[in-house]
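>>> just coords:
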């Protein structure tokens, strides 16, 4: 049983929730004007897990033939025969349906918007077949999470979580462009679209740096609009430092994207949550 759970967990890369989940929890704190109701927290976490499960599994499902032809991805679950396409299809459908149910338990607006969220997160997997802006689509699909969490708590739109979502959009778009440099040559060979394949690695990294340059600026304006103070601004400076390190001072030029790269990005997300929690709970 534990082996099966570990298998499905590795399919959807649960460890990577550390990048978007803190932003969603920050949006939840803002929408709740402090600590959320425990039931709301449970439902939001459930929505985050199920919609992400559906998106990741769908990506693995429709990319299985492409993955089999790319040396970096040939050992993924379906090409390697660890999971069948039929089983992954059931997994996608079950998680999608559960996401809609959980969204409906939150409030009416969340229910009405749940198909839009599914279209965004599932649609990303198709974009690499026709546009190099697939990374921007992914950033948008993930970037809606702070606003969605705030809507879950309040039942209405609000500006600060929307701006936080815009920040996440730019950050994740840049993150994915950097990550995609691993597959620059494979994408060209397989006819897949990506910014590294279209622009080359050096120009792609420059574009990612441009995306990331907007992140501390947007975070500052989030805090300004919310009336947050010194702690938030100090953490924003720390985030700016992490992003500068990531682009200019990270040792080596490898494309494995492990270790320091992932830790730095995880720390960016966690600092946003820490700053939001401090500012919303200390007032």
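Thanks, I have it. Computed from a predicted structure; not experimentally measured. Numbering: from 1, shown residues only.
>>> list the contacts of residue 180.
135, 187, 194-197, 204 (CB atoms under 8 Å, 6 or more residues apart in numbering). Backbone N, C-alpha and C define where each C-beta goes, glycine included.
>>> let me fix that: residue 90
Listed by CB under 8 Å, 6+ apart, residue 90 has no contact partners.
>>> which one of the contacts of residue 180 is nearest residue 179?
residue 135 (8.6 Å; CB to CB).
>>> so is the residue lying closest to that closest one once chain neighbours are set aside in a helix, a strand, or just coil?
The shortest distance from residue 135 to any non-neighbouring residue, by CB to CB, 6 or more residues apart in numbering, is to residue 176 (4.1 Å). When classified by DSSP: H, G, I helix; E, B strand; the rest coil, residue 176 comes out as helix.
>>> counting neighbours, what do you get for residue 176?
Residues within reach of residue 176, counting by other CB atoms under 10 Å, total 21.
>>> do residue 247 as well
Using other CB under 10 Å, residue 247 is surrounded by 16 other residues.
>>> and the nearest residue to it once chain neighbours are set aside, what element?
With sequence-adjacent residues excluded and distances taken as CB to CB, 6+ apart, residue 247 is closest to residue 209, at 4.8 Å. Counting by DSSP states H and E, the element that carries residue 209 is helix 201-226.
>>> now swap in residue 51 and tell me
Counting by DSSP H and E, residue 51 is part of helix 38-62.
>>> what comes up buried for that helix?
By neighbour count, with 16 or more other CB atoms under 10 Å as the criterion, the buried positions of helix 38-62 are 40-41, 43-62.
>>> ok so, going back, residue 231: which of the contacts of residue 180 is nearest?
Nearest to residue 231 among those, with distances taken as CB to CB, is residue 135, at 31.7 Å.
>>> the closest one contacts residue 193, correct?
No - taking contacts as CB atoms under 8 Å, residue 135 lies outside contact range of residue 193: 10.0 Å.
>>> and those two? which has more neighbours close in?
Comparing residue 135 with residue 193 by other CB under 10 Å, the one with more neighbours is residue 135, at 28 against 16.
>>> is that one in a helix, a strand, or coil?
Per three-state DSSP, residue 135 ends up helix.
>>> gap between it and residue 187?
12 Å (CB to CB, to the nearest Å).
>>> next: residue 275.
Applying CB to CB to residue 275 and residue 187 gives a distance of 36 Å.
>>> what is the burial count for residue 208?
25.
>>> list the contacts for it?
173-175, 177-178, 247.
>>> which among those residues count as buried?
Among the contacts of residue 208, the ones that count as buried by 16+ other CB under 10 Å are 173-175, 177-178, 247.
>>> may I see the residues you listed organised as JSON lines, with pLDDT and distance to residue 9 added?
Shown next, in JSON lines, are the buried ones among the contacts of residue 208 (pLDDT from 0 to 100; distance: CB to CB, whole Å):
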{"residue": "173", "pLDDT": "97", "distance to residue 9": "26"}
{"residue": "174", "pLDDT": "95", "distance to residue 9": "27"}
{"residue": "175", "pLDDT": "92", "distance to residue 9": "21"}
{"residue": "177", "pLDDT": "94", "distance to residue 9": "26"}
{"residue": "178", "pLDDT": "91", "distance to residue 9": "25"}
{"residue": "247", "pLDDT": "87", "distance to residue 9": "31"}
